[in-house]
Each structure stands twice: as C-alpha cells, then as structure tokens.
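Colleague: What shape does this take:
(2 chains)
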Number of protein chains: 2
Amino acid sequence: MTAEMIAVGSEMLTPAKVDTNSLWLTDQLNLLGIDLVQKAVVGDDRDRLAAAIGAAVGRTPIVLITGGLGPTEDDLTREATAQALNRELVHDAETLAAIEARFARLHRKMAPNNRRQAFLVAGAVKLDNPNGTAPGQWIEVEGRIVVLLPGPPGEMKPMLLNHVLPRLRERVPRRALRTRFYRVAGMGESDVDQRIAPLYKPYANPVTTILAAAGDIQIHLRAFCETEEEAEGLVAELGAKIEAELGDRIYSTTGAPLEVAVGQMLKQRGATLAVAESCTGGLLGGRITEAPGASEWFLGGFQVYGRAMKTRLLGLDDKMVEREGVVSEAVAVAMAESARDRTGATYALSVTGEAGPESATPGIEPGTVWIGIATPERAEARLYRFPGDRARVRAFAVQSALNLLRLRI
Amino acid sequence: MTAEMIAVGSEMLTPAKVDTNSLWLTDQLNLLGIDLVQKAVVGDDRDRLAAAIGAAVGRTPIVLITGGLGPTEDDLTREATAQALNRELVHDAETLAAIEARFARLHRKMAPNNRRQAFLVAGAVKLDNPNGTAPGQWIEVEGRIVVLLPGPPGEMKPMLLNHVLPRLRERVPRRALRTRFYRVAGMGESDVDQRIAPLYKPYANPVTTILAAAGDIQIHLRAFCETEEEAEGLVAELGAKIEAELGDRIYSTTGAPLEVAVGQMLKQRGATLAVAESCTGGLLGGRITEAPGASEWFLGGFQVYGRAMKTRLLGLDDKMVEREGVVSEAVAVAMAESARDRTGATYALSVTGEAGPESATPGIEPGTVWIGIATPERAEARLYRFPGDRARVRAFAVQSALNLLRLRI
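Modeller: Numbers count the residues shown, from 1 in each chain, chains lettered A, B, ... in the order given. Model (predicted):
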C-alpha cells in the first residue's frame, strides 16, 4: 500500500521554512506498512492545488493533505479538494456550532471568516479537532482515500493518531515489518553499492536503501511480510550475505554512529583516548564528545593549529617539523605519540593535513591528510586523499581517524 | 517568472531525511525575482519520476531537479528526464574522460557503474562539476528550462552559482534588487522579532525575513524596484532603523559568520587567539578553523574533557577544581588564563559546562555553561543557561564564546 502527501502553504515555498509534518506522518504510515512514494509542497493557489490533488488521487491510493484549513482567504484546501474531486462543498451546521462554542469557551469573538471552516467536501466524514477550529476530513473516492488535516502539528498529530490511523488500519492488510541497519566506514558509496548490489538486487523484499555522508555509508533493509517470522527470515538472510561481503567495514548494526561504536569498544576494554588535531582544529574531539558519556573513555587533547603550537604544546622537535614538513608521516606519528604520552591515554589519534581551499603548504595538494595513531604497542600514520571542499575534507578526516582507531583496537 | 523543484531520492521519503537543498535554491531564485510555486520529492522510481518531470515542465517555465545523478542503478534522473522529454540519452566521451581523470587524481579505482554518469540527455548543455563525478545538465524545451543538478550540496551549490544562475539571469526580466543582511548574536529569535517587527511591518517592500540557528539570528531585507536607486533607498531607510534598534548586537552586515567577523577583528589588531574546551570537546576550535586562513590568528588550544586533564594539560590546581566544581566561574577563568599563558596568545576563551542529556555534575542543570575569557588586561567568566538538547547547548556555547570575545576586543 502506498501514500502521497501534499503540504499546503506558500510560506513553505520560502527559503526559511520546511515541511516537517511529513517526517512524522511518514513514520506513522511506515509503521502500518504504508510506503510514502511522493510528497509535494503547493502554495496557496486554488487551481494549482486542485491539479496536484487530482493527479495524486489518480495515481496513489492514499493521499494526505496538510494545511490550508484555516479561516483566511488564503486557506484553499477545502475548495481545491472539492474542485479536484468534482464534488460540492456543503455547509455543516454542527461544525459551525462547535466552532462558535470553542470561541465562546475561550472568551474570544469569532471572526466572520471562521464560517469558512464549517464547510465539508460532500461525502466527507468529519474528523474532530479538539485542539483547533478546523475539523479534518476523511473522503473516500472509488476505493481511494483522501484525508484533509490541519497544518499546526498540535492539531494534526492527535487527529492522525485518534481518527486517521484507526481507519487506515482497517483498510491496510496487516503486515509485519522487520528491519536491519548497517553503518559502514572506509568505503565510498559507489564501492559499497557495487559490492552489495548483486546481493540485494534479487530481493524486491526486503527493500534496500543506501545513504551516504562524508565517509559514512548507511544501509537499510526493510522487509514487510504476512508474519514476523517471515520478515525476520528475509532480513536475516539478506543481512547475512551483506555482512559476509563487507566484513569489518561494517562498524554498527544498531544505528549507532562511529564515535559511539568506538566508544563502546574502548569502554569494554577499559581503554582511553586522546587526540592531537591540526587541520581539523578540534572537530575530531567535537565529534567524539557528541557521544553522551564520552567522559568515561575520552580524555582530551591538543589543538595544534598554528605550526609553533606543535612544538610548544606537544614538544615536537622544530627541526624535524621543518625538515619533514607539517603535513608528513613523521609529524603525524610524533603528534600521536606525544598526545598519548602527555595525556596518559591508551590510544591517541592525530590529524595533520591540508584542508584547502588553497594550499598553505608548498607541494601539498588540498585534500592531503596524514592520520596518526599511537597504541600501547606502536605508533604509525596513514596517508589519505579526500575529495571536496574544506568542510568535506575535514569531515572525511574525522570519520577516517575514528575508523582507523576502530580497526586498530 | 516562476519555478518548480523536484528533489529525487527515496531516502528523502523516509522519516529521517528532509530536502534542505530546496531552501538554499529558493533563496537563490528569489534573488533573481523568480518565485517558487511548487516543490516535490520523488523516490527512485523511473516512471513516477518521469511523470513528475513531465507534469512540471508542462506547467512551469523553470524546473530544477536535484539528485539522482549518482553512479548507482537507483540514480534514475537522467533516464527519467529523457523519458519525460521524449529524448535519447547520449554517451559523452569527454565526460567519461573527466570522471576517469578525477578518479586517477584521487588515486582511486573507478567502478564500472560510474560510466552511467557520462550520459547526457540529447541536446543538453553539460555543466561542469569540479567537486564530484556527475556533471549537471541544462536542457531547453520549447522555451522552458530543465536543469539537472547533483544532490550533494557541496556539488550542487557551486554548480548553481557558476553555471545556472548566469544562464537564468539572461532570461529573466531585469528588476533592480537591493539587499541588506544583518547577523545578530546574543539574542533569541522572538526577542529580535519583537524589537524590530514594529519597524519592518509597515514595509511591504523591502521584504524582511528572520532566520534563526542556535544563538545566531539572520535578518534579510530585500527590495525589488524598477530602479537601483529606489531599491537602495528603501533598504537603507529600513536598515538604518534596524541598526539603531539593535546596536552592537549586530556583528556582521556582510553575511560573514561570527568566526570570520572575529577573525577579521583579531587580524586587524595583529592579535591571536587560543582556546580551552571542556564540554564542547573541540567544537569551538573546529568552528574557528572553518574560517579559511584562520592560521593567521588562531594558535590552537586544549581539549580538557576529562577532569584530570584540567590539571594535567592546563596545570589547574586540583584542590581548587574539587572545591569550586568543574562547572564554575573559577575553573572557567583559570582555564582561559592558563590557555593564554601556555600558548602565548593575545586572547583565550574557555568553555566548561553541562551539555546533557543527563547531568554528570551534581547540582548543575544541563544547559549550564561558564564561558571564560582572558585578555592582556584581565580574565573573567560569564554564566549562561542554554535551552535544548546536547547538540543545541554545545552550539549555543560555541556561538556565545565567539560573541563574548567580539564584545571584549
């Protein structure tokens, strides 16, 4: 079963405002096994809105429309829906009485405009709105369902939970949902896809989705079946193939981000971590401390952005830095060793590189980053070349440093 | 002139992900006097996407499509556009060579899938993508314009600025636009709005927009007029009133973010900065070094997340820390003083607080943050109480630290 959503309101076509209702609504629909296949934002324009509603009803069995039920002349969802479905708008005396009573209860005078809210699309079931003036509307059209919901979340959410979901549940075949979730580090999106596409392609169910951020790939599997056992069997079957293929590239099966996964490994071992950051300027420590409770395993470190700080705060030999260059294996190794020494941590990570946009280091291309790691056994460094702008290079560096630590623990 | 946008990708039909590209794109179009009249998100479904593109091109003169240009089989924007416009896809040898060269430059092996990115809709003008593999495409269809843009913002934005806007400018009737832009720190959004609403409400032109992120408020004024003089007169008139009302809360009139504004002030004075971060774990240094060229004025600092590090790295008296508590005025002052001393910087900022979600410090509520500053004259600290979750508290702390420095310089 599939659904579409239309959010109504010109304000959501400005640079400042985004339709967030649809995220919560999507979650609620997904839990019933209903997939969202398209969503739109349409301004306060009756003909355009009617065309959008008509097109959606023509291709998708469930259409949820939010907003445009207010009292002003800009609120056109009722009119546009009636136009799209070729039905009349009918005045509902009971609704008007309820609106009047609400105003009386709040000791406010009802504006004449509010009468507009007492109109229903012919044939609609009225959905109570205890939190506002406009009722929702449930409309069935030749086996398809159109639902009009108010825009304010405080009105929309209770109406969906109390009146819309129970009605949808009766119409949607009961299906069981089971999911698997993998996070992968150290590979690009196209590499991951190339390796696992032959595995997931044969499966229409589970549905596989791949999401990518700098150096971090997420793989979602979702199986809908008649029974939970069947759904679990399917995600387990495909999941096992993906796990075998990607091996230790998978760092999380719970959805936990990399800093949390690494933190758990350190905590289990009673180990601690320190950092020494040059081109990331503190971002690695910032990312690590996104994990609540990081103080159990993260000690701290050194932001040695200026060159002199590498000597002054970490005690690196100035002549060595001069000879090897700031962006070098030797400096990355020495930074990690010194950070480990000076903090007493079990492990230390270091980052030194050229984030761009221009190279401050002759002969070093932007995107070149050395990441160092010091463990109780040894210190070493790896060279990376990251694509993209300054922000992306730095995000890749942070992710790669955490992944290097994960693989070394 | 009107435009529509279509964001492509099933991941944006999940509860977790929202299309944010469209906000920035809307802003850029509005600056040319182009109104957004509709936007949609369509999943990775070729027929559905082709139908959406066909409908949009049928009713709106400019259609921007973002995403779905990647290398995977799920990336269907090229195919769907060709289908909607009833055109062929043609292989472009030059594009393939550019993609291969990019992989060679990054010392990575090109996956065979990446060849898919070398196809253009027949008649399309290719738009260079120095930040990724997939080129954009500019397609004219009987006086209408269809533009294919990559989804990643780091690729999409430069492509729009460098290749799409210049082409659109030639086709849109010239209107004179004049803007004013203010960035404000140290006030909440509703405070700002309450103070300036009486000033901007009487003006339909310029249009005033207020945007808010943690501790950072942006005010945009935009006047569209027949002549530049008229538009300049209007924004200058309203701008002067807003400047008089907000005074030194305004830290930037150029759009420069706070770390850049602060960096310019330091550079002018030949001064330098260091940091000592506890609850922000490095985020302040990370934010500061977002400014390209920060090495001219930012030295570095100390991530003293664990309590012992405050003694070990900064030399704070352990008994004093015990007596005063980690989140205290005395500790914030001592951290700033020590960071200034140990780095030799002109100024040092320190942050110590409780970011939550739970309080690790008895008696200290999450959101409580002390920010310290050491200058050549003195050291002091200020107490803040920030609302919101861990991420928001930390973002507020970073912004407030930079603002405190700005006001003290």
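Colleague: Run me through the strand neighbours of the lowest-mean-pLDDT helix or strand in chain A, direction for each.
Modeller: Ranked by mean pLDDT, DSSP states H and E, the weakest helix or strand in chain A is strand A:207-213, scoring a mean of 81. Within its sheet, strand A:207-213 is paired with strand A:216-225 (antiparallel), according to DSSP bridges.
Colleague: gap between the partner strand and the chain center?
Modeller: 14 Å (Cα atoms, centre = their mean, to the nearest Å).
Colleague: right, and the helix or strand after that strand?
Modeller: The helix or strand immediately downstream of strand A:216-225 is helix A:228-246, counting by DSSP states H and E.
Colleague: helices or strands up against the following helix or strand past that next one?
Modeller: Sequence order places strand A:250-252 as the next helix or strand after helix A:228-246, per DSSP H and E. If you count contacts as 3 or more Cβ pairs under 8 Å, 6 or more residues apart in numbering or on different chains; DSSP states H and E, strand A:250-252 packs onto strand A:176-185, helix A:258-268. Quick note: C-beta positions are derived from backbone N, CA and C, even for glycine.
Colleague: Tell me, how many residues neighbour residue A:329?
Modeller: Residues lying near residue A:329 (other Cβ atoms under 10 Å in any protein chain shown) number 16.
Colleague: Would you check that it makes contact with residue A:379?
Modeller: No - using Cβ atoms under 8 Å, residue A:329 is not in contact with residue A:379, being 10.5 Å away.
Colleague: which residues do the two both contact?
Modeller: Taking Cβ atoms under 8 Å, 6 or more residues apart in numbering or on different chains as the contact rule, residue A:329 and residue A:379 both touch residue A:372.
Colleague: Can you say which helix or strand has residue A:132 in it?
Modeller: Residue A:132 belongs to no helix or strand, assigned by DSSP H and E.
Colleague: That one against residue A:151, yeah?
Modeller: No - between residue A:132 and residue A:151 there is no contact, the gap being 9.6 Å when judged by Cβ under 8 Å.
Colleague: ok, these two, which is more surrounded?
Modeller: It is residue A:151, of residue A:132 and residue A:151, that has more neighbours when counted by other Cβ under 10 Å, with 23 against 20.
Colleague: Could you check how many residues crowd around the residue lying closest to the more buried one once chain neighbours are set aside?
Modeller: Distance criterion Cβ to Cβ, 6 or more residues apart in numbering or on different chains; nearest residue to residue A:151, sequence neighbours excluded, is residue A:67 at 3.2 Å. Counted by other Cβ under 10 Å, the residues lying close to residue A:67 total 24.
Colleague: List the residues that contact residue A:67.
Modeller: If you count contacts by Cβ under 8 Å, 6+ apart, then residue A:67 has A:7, A:8, A:9, A:12, A:21, A:77, A:149, A:150, A:151 around it.
Colleague: Also residue A:227?
Modeller: So residue A:227 contacts residue A:176 (Cβ under 8 Å, 6+ apart).
Colleague: Now do the SS call for the most far-flung residue of chain A relative to its centre.
Modeller: In chain A, residue A:319 marks the outermost C-alpha relative to the chain mean, sitting 46.8 Å out by Cα atoms, centre = their mean. Here residue A:319 is recorded as helix under DSSP: H, G, I helix; E, B strand; the rest coil.
Colleague: go on, residue A:163?
Modeller: Residue A:163 ends up helix, using three-state DSSP.
Colleague: Then residue A:310?
Modeller: If you use three-state DSSP, then residue A:310 falls in the helix class.
Colleague: okay, now it: neighbour count?
Modeller: Neighbours of residue A:310 (other Cβ under 10 Å): 26.
Colleague: ok, residue A:74 touching residue A:44?
Modeller: Yes - taking Cβ under 8 Å as the definition, residue A:74 is a contact partner of residue A:44 at 4.3 Å.
Colleague: out of those two, which sits in the busier spot?
Modeller: residue A:44 (20 against 14).
Colleague: how about the residue most central in space within chain A, what does it touch?
Modeller: Centroid-nearest residue in chain A, with Cα atoms, centre = their mean: residue A:211, separated by 9.3 Å. Neighbouring residues of residue A:211 by Cβ under 8 Å, 6+ apart: A:217, A:218, A:220, B:11, B:17.
Colleague: Tell me the one of those residues nearest residue A:245?
Modeller: Among the contacts of residue A:211, residue A:217 lies closest to residue A:245 (Cβ to Cβ), at 13.1 Å.
Colleague: which parts of the stretch 51-200 of chain A sit against chain B?
Modeller: Taking Cβ under 8 Å from any Cβ of the partner chain as the criterion, the stretch 51-200 of chain A approaches chain B at residues A:51, A:52, A:55, A:59, A:188, A:189, A:190, A:191, A:193, A:194, A:197.
Colleague: could you redo the last one with a cut-off of 10 Å?
Modeller: Selection of the stretch 51-200 of chain A residues close to chain B by Cβ under 10 Å from any Cβ of the partner chain yields A:51-52, A:55, A:59-60, A:188-195, A:197.
Colleague: Just the C-alphas of the helix or strand hosting residue A:351, formatted as PDB.
Modeller: Per DSSP H and E: residue A:351 is located in strand A:347-353. As requested, the backbone C-alpha atoms of strand A:347-353 are provided in PDB (Å, rounded to 0.1, in the frame of the first residue of the first chain):
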ATOM      1  CA  TYR A 347      45.300   5.400  22.400                       C
ATOM      2  CA  ALA A 348      45.900   8.700  20.700                       C
ATOM      3  CA  LEU A 349      44.800   9.900  17.200                       C
ATOM      4  CA  SER A 350      46.400  12.700  15.300                       C
ATOM      5  CA  VAL A 351      45.400  14.600  12.200                       C
ATOM      6  CA  THR A 352      47.600  16.900  10.100                       C
ATOM      7  CA  GLY A 353      46.700  17.900   6.600                       C
END
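Colleague: The strand or helix carrying residue A:28: what's the following helix or strand?
Modeller: Using DSSP H and E, residue A:28 sits within helix A:21-31. Moving toward the C-terminus from helix A:21-31, the next helix or strand (DSSP H and E) is strand A:35-42.
Colleague: Now that following strand: average pLDDT?
Modeller: For strand A:35-42, the mean per-residue pLDDT is 95.
Colleague: Specify the angle between it and helix B:21-31 in degrees.
Modeller: 20 degrees (axes from the mean of the first three to the mean of the last three Cα atoms, to 10 degrees).
Colleague: Is chain B within reach of strand A:35-42?
Modeller: Yes - judged by Cβ under 10 Å from any Cβ, strand A:35-42 and chain B are in contact via A:35, A:36, A:37, A:38, A:39, A:40, A:41, A:42.
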